[in-house]
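Engineer: Need coordinates for the below:
(2 chains)
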2 protein chains.
Amino acid sequence: MQPIGYVRSPYTDTKEIPKGFGAKHEAEGALEIREEFAAGLQDIEGFSHLFVIWVFDRSEGFSLVGTPPIDNRPHGVFATRSPRRPNPIGLTVVELLTREGGKLRVRGIDMLDGTPILDIKPYLTSIPPERLRRGWLEEVEGRAAGGKETSEM
Amino acid sequence: MQPIGYVRSPYTDTKEIPKGFGAKHEAEGALEIREEFAAGLQDIEGFSHLFVIWVFDRSEGFSLVGTPPIDNRPHGVFATRSPRRPNPIGLTVVELLTREGGKLRVRGIDMLDGTPILDIKPYLTSIPPERLRRGWLEEVEGRAAGGKETSEM
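Structural biologist: All right, here's what the predicted structure looks like:
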């Protein structure tokens, strides 16, 4: 495995990255692809959204079970987006704004500046939202919504 | 990078995997997670769909530009799902059917039997289909639809 390029992001510390409910990943940044791989971007500008597969290069070790920042209950690492994974691989869907040679300007960055990129793939189809179940996240959202309602009453 | 488990698939040769238009990936199979990592699956059964990140372990080398089986024009590797990538990483969205300990029965397998799995993540949100542009794939589909119309007239 070798980086095909690096993320340019406004974030230099994980504390700056929006987390929790309603966290919007609207940050703009760039995917800078190394010159030797830039030919592989041919025709990518036709796709509105891309999968970016990257490395949590500033994460150390892993925990099989952990409590995410937005919950107070532990969950298995494969049921979360925790960086502390057996293989420290991240996955982000970004919106492609423009391409300038080997540089892709994108929206939806949630990686740190300098993050190594392993792969980019076109985002082709979506699972219809009505078919999605989102496990513990839905429960947490339900609790949060309930709390909000109560606090507003 | 180390496998967290292996895919059990009905496919033992890439020729058996449906490709091209209207290719349905409805094949059922399993993700067998190694015993030492199975604790990381806690609460995963609440999610209907999962991202599986895996290795094209029977692919050799890479081509930055190639012609996909469903087109007659070349495209950059990052605008395709070609196995011949700089980092031979595959990404598949599967539907989770049931979990039996460290074994996840899933639908939507498009990997070969024995494929090493690097990571599993919950599929949380979808890009609305009306916001998706699918580049050269839409063009090919358009040509195919046109051809079909003609042949039916």
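Engineer: For chain A, which residues score under the pLDDT cut-off?
Structural biologist: Applying pLDDT under 70 to chain A flags residues A:20-22, A:146-153.
Engineer: the helices in it, which residues?
Structural biologist: Along chain A, the stretches classed as helices by DSSP state H are A:135-152.
Engineer: residue boundaries of the strands in it?
Structural biologist: A:5-8, A:28-33, A:49-55, A:65-66, A:75-76, A:89-100, A:103-107, A:116-122 (DSSP state E).
Engineer: Pull the number of nearby residues for A:Asn72.
Structural biologist: A total of 8 residues lie near A:Asn72 under the criterion other C-beta atoms under 10 Å in any protein chain shown. All C-beta atoms are positioned from the backbone trio N, CA, C, and that covers glycine.
Engineer: Nearest residue to the middle of chain A?
Structural biologist: The centre of chain A sits closest to A:Thr92, judged by C-alpha atoms, centre = their mean, with a distance of 3.2 Å.
Engineer: Which residue, other than its chain neighbours, is closest to that residue?
Structural biologist: Nearest non-adjacent residue to A:Thr92, counting by C-beta to C-beta, 6 or more residues apart in numbering or on different chains: A:Val52, 4.9 Å away.
Engineer: what bridges to the one you found?
Structural biologist: Counting by DSSP bridges, A:Val52 forms beta bridges with A:Thr92, A:Ile120.
Engineer: neighbours of it, just the number please.
Structural biologist: 25.
Engineer: who touches it in this structure?
Structural biologist: By C-beta atoms under 8 Å, 6 or more residues apart in numbering or on different chains, the residues touching A:Val52 are A:7, A:31, A:90-94, A:106, A:111, A:117, A:119-120.
Engineer: Relative to chain B, how far out is it?
Structural biologist: Counting by C-beta to the nearest C-beta, to the nearest Å, the gap from A:Val52 to chain B is 10 Å.
Engineer: separation between the residue nearest to A:Gly46 when sequence neighbours are not counted and A:Pro3?
Structural biologist: In space, and not counting its chain neighbours, A:Gly46 is closest to B:Gly135: 2.4 Å by C-beta to C-beta, 6+ apart. Plainly put, B:Gly135 is 24 Å away from A:Pro3 if you go by C-beta to C-beta, to the nearest Å.
Engineer: before we move on, what about A:Thr67?
Structural biologist: A:Thr67 is 31 Å from A:Pro3, by C-beta to C-beta.
Engineer: neighbour count winner among these two?
Structural biologist: Neighbour comparison, A:Thr67 and A:Pro3: the larger count goes to A:Pro3, with 18 against 13 (by other C-beta under 10 Å).
Engineer: quick one: the closest residue to A:Asn87 other than its chain neighbours and A:Pro86, what's the gap?
Structural biologist: In space, and not counting its chain neighbours, A:Asn87 is closest to B:Leu118: 4.6 Å by C-beta to C-beta, 6+ apart. Note on B:Leu118: its distance to A:Pro86, by C-beta to C-beta, is 8 Å.
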